[in-house]
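In: Need coordinates for the following:
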Amino acid sequence: MNFRPPGPICQFLSFFPLDAETLARVWSPPPAAREHQAFANKTGRTLSGHYWVDWANINAKNSQDVQDLARPFRDNVMLFMAALKEAGATLRVSTTRRASRRAYLFHWSWLVGLAKVKPALVPALAGVDIEWNHGDDNKSQAGAREMIHGFGLAVPPKSKVAPALHSNHIAGNAIDVDILWKAEIKIKRKNGSLAAVAFMADPNANTKLHEVGASFGVIKHLQDAPHWSINGR
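Out: Here you go, the predicted structure:
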């Protein structure tokens with residue numbers, strides 16, 4: 001008894017009978033997919049690239065919920081944010097608590113993608129079967145840059161340091177938040193006094209805003225635009 005695939009494929013084959021070799025060639029995946037599959041078959045790992053952005057968004061999610069932060073930092077952030085909103089600022093939180101596996105992918109994709117570390121030197125992490133080394137530096141860097149763009153990581157000049165591998169985000173003691181307003185607003189410090197703060201496109205340079213945050217125990221990282229933490233790191 002001859003096996004015939006169901007549906008449209010069956011109708012196609014009934015008109016155009018193909019041998020196994022020809023059929024495999026017709027239905028083979030595109031070159032990039034074949035390269036990834038061949039490597040996976042050989043090493044059990046998947047090459048760096050956008051695949052890992054999708055993987056992390058399922059298996060190593062970022063939280064954007066302030067309630068997931070650790071106390072007392074959580075309470076301090078909520079007070080600081082309330083003061084900013086009362087003054088008329090708009091807040092966009094991108095990250096609060098971060099999974100350690102996500103931090104690993106952030107850190108090393110940034111360093112490999114910007115050619116600051118050789119891909120073969122990246123240490124492995126249990127539970128993340130990624131292969132950083134494509135066998136060619138340009139391909140390795142391109143794969144890592146896909147992850148940088150997919151994760152939306154800040155790069156120079158906006159951020160001059162790699163996302164932290166052992167981060168305050170993992171402990172729930174950091175928040176990434178864009179703070180936007182127009183012209184100048186008056187923000188209440190923790191003690192109730194007002195600070196006149198002009199908007200600056202570069203939040204790393206806005207020392208008056210930093211001073212207000214510090215009054216709540218929310219300290220600005222000076223080289224990472226959206227990053228505030230319990231200690232500035």
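In: ok, the residue nearest in space to the middle of the chain - contacts?
Out: The centre of the chain sits closest to residue 151, judged by C-alpha atoms, centre = their mean, with a distance of 3.4 Å. Neighbouring residues of residue 151 by C-beta atoms under 8 Å, 6 or more residues apart in numbering: 53, 56, 105-106, 109. Using the backbone N, CA and C atoms, a C-beta is placed for each residue, glycine as well.
In: Look at residue 149 and tell me its secondary structure.
Out: Under DSSP: H, G, I helix; E, B strand; the rest coil, the three-state class of residue 149 is helix.
In: ok, so what distance separates it from residue 223?
Out: 20 Å (C-beta to C-beta, to the nearest Å).
In: Equivalent analysis for residue 94, please.
Out: Taking C-beta to C-beta, one finds residue 94 at 17 Å from residue 223.
In: Likewise for residue 148?
Out: For residue 148, the distance to residue 223 - C-beta to C-beta - is 17 Å.
In: For these two, indicate the residue with more neighbours.
Out: residue 148 (20 against 13; other C-beta atoms under 10 Å).
In: contacting residues for the more buried one?
Out: Going by C-beta under 8 Å, 6+ apart, the list of residues near residue 148 reads 109-110, 113-114, 155.
In: This structure: strands as residue ranges?
Out: 46-47, 90-95, 130-131, 174-180, 184-188, 194-198, 219-220, 227-229 (DSSP state E).
In: Give me whichever of the ones you listed is most buried.
Out: strand 227-229 (a mean of 25; mean count of other C-beta atoms under 10 Å).
In: ok, that strand: who's next to it in the sheet?
Out: Counting by DSSP bridges, the strands paired with strand 227-229 are strand 174-180 (antiparallel), strand 219-220 (antiparallel).
In: average pLDDT across the first one?
Out: Averaged across strand 174-180, the pLDDT comes to 97.
In: What of the shortest one?
Out: Along strand 219-220, the predicted local confidence has a mean pLDDT of 98.
In: contact partners of that strand?
Out: 203-204, 209-210, 213-214, 227-232.
In: In contact with residue 60, which residues?
Out: 99-102, 105.
In: Could you rerun that using 10 Å?
Out: Contact analysis of residue 60 by C-beta atoms under 10 Å, 6 or more residues apart in numbering lists 52, 98-106, 127-128.
In: Check residue 51 too.
Out: Taking C-beta under 10 Å, 6+ apart as the test, what residue 51 contacts is 36, 130, 143, 146-147, 150.
In: Can you give me the pLDDT of it?
Out: 97.
In: Which segments of this protein make up each domain?
Out: Domain segmentation of the chain under automatic domain parsing yields 29-59+99-159, 63-98+167-233.
In: where among those is the average confidence lowest?
Out: Among the domains of the chain, domain 29-59+99-159 scores lowest, with a mean of 88.
In: roughly how far is it from the heart of the chain?
Out: In terms of C-alpha atoms, centre = their mean, to the nearest Å, the centre of domain 29-59+99-159 is found 12 Å from the chain centre.
In: dump the residue contacts of residue 207.
Out: 197, 200, 220, 222.
In: Could you save the residues you listed as CSV and add columns showing distance to residue 80?
Out: Below are the contacts of residue 207 laid out as CSV (distance: C-beta to C-beta, whole Å):
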residue, distance to residue 80
197, 13
200, 17
220, 11
222, 17
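In: ok, of those, which one's closest to residue 85?
Out: For the contacts of residue 207, the closest approach to residue 85 (C-beta to C-beta) belongs to residue 197, at 13.8 Å.
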